[in-house]
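J.: 3D, please:
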Amino acid sequence: MKKLLIIIIIISSGFGLKQLYLSKTANSTQLYGAKNQPINLLDETDPRIRIVYFGFTRCPDVCPTSLAMLSGALNQIDKTTLSQFRPVFITLDPERDDAKHAAEYAHYFHQTIEGSSGSLQTITQLAERYGVVFRKSELPESELKYTIDHSSYFYFLKPDGTLLTKVPHTMTPEPIVKAINELSQL
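T.: Just a heads-up that it's a prediction; the model follows:
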């Protein structure tokens, strides 16, 4: 009986420590944007739905195409609907994309898109939370030295970070506009 009680205590302690770890890592999402100002992505005092895109500024095709489609979608909705959303670009390459560079890149596509960077640990935690797949691939014959292979989705999040829906890479703004219009009715 004593051994069973000890096993239950050990298992319970393990679950408790795991929950503590998960709650701390879920809250360690400090990103930085324009002028190196902190961006609190999971700010429940800001009621806007986040439209988050993970990419990197040296991406040759997928990221600029995706951000252009997001910009096109943002240009197709009225100001009242737009005010309900917070578009955020998160770099997957913090080694080369500091906060200032990520913000400038995002603003190139649309002034409402916040560009952000942070520690690789923070970005990895956020990426894992939403199922973003990315990896660094060496390019020995290139001046770039490496690229970032990654999945390409727009993640629509509640202020607390809960995933509402995601839209895959698209060649037209329509799927993004559709998601925005549906979510603006919530």
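J.: which other helices and strands contact the helix or strand where residue 66 lies?
T.: Using DSSP states H and E, residue 66 sits within helix 62-76. With contacts taken as 3 or more C-beta pairs under 8 Å, 6 or more residues apart in numbering; DSSP states H and E, helix 62-76 sits against strand 49-55, strand 85-91, helix 99-109, helix 174-184. Using the backbone N, CA and C atoms, a C-beta is placed for each residue, glycine as well.
J.: Of all the ones you listed, which one comes closest to residue 32?
T.: helix 99-109 (3.7 Å; C-beta to C-beta).
J.: can you list contacts of the closest one?
T.: When contacts are defined by C-beta atoms under 8 Å, 6 or more residues apart in numbering, helix 99-109 is touched by residues 31-37, 57, 64, 67-68, 70-71, 89-91, 97, 113-118.
J.: relative to helix 99-109, how tilted is the next helix or strand after it?
T.: Remark: after helix 99-109, the chain's next helix or strand is strand 114-118, criterion DSSP H and E. Interaxial angle, strand 114-118 versus helix 99-109 (axes from the mean of the first three to the mean of the last three C-alpha atoms, to 10 degrees): 160 degrees.
J.: ok, residue 127 - contacts?
T.: Contact analysis of residue 127 by C-beta under 8 Å, 6+ apart lists 54, 92, 133-134.
J.: Dump those residues into a markdown table; add neighbour count as well.
T.: Output for the contacts of residue 127, formatted as a markdown table (neighbours: other C-beta atoms under 10 Å):
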| residue | neighbour count |
| --- | --- |
| 54 | 25 |
| 92 | 26 |
| 133 | 12 |
| 134 | 18 |
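J.: before we move on, the earlier item: deepest-packed of the helices and strands packed on helix 62-76, please.
T.: Most buried of the helices and strands packed on helix 62-76 by mean neighbour count (mean count of other C-beta atoms under 10 Å) is strand 85-91; its value is a mean of 25.
J.: tilt between that one and strand 49-55?
T.: For strand 85-91 against strand 49-55, the angle by the same axes, to 10 degrees is 20 degrees.
J.: Quickly run through the sheet partners of strand 85-91, with directions.
T.: Applying DSSP bridges, strand 85-91 is found paired with strand 49-55 (parallel), strand 114-118 (parallel).
J.: and that strand, what's its mean pLDDT?
T.: Per-residue pLDDT values over strand 85-91 give a mean of 98.
J.: hmm, back to that, and the strands paired with strand 85-91 as TSV, adding distance to residue 169 and mean pLDDT?
T.: Formatted as TSV, those follow (distance: least, C-beta to C-beta, whole Å; pLDDT from 0 to 100):
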stretch	distance to residue 169	mean pLDDT
strand 49-55	10	98
strand 114-118	19	98
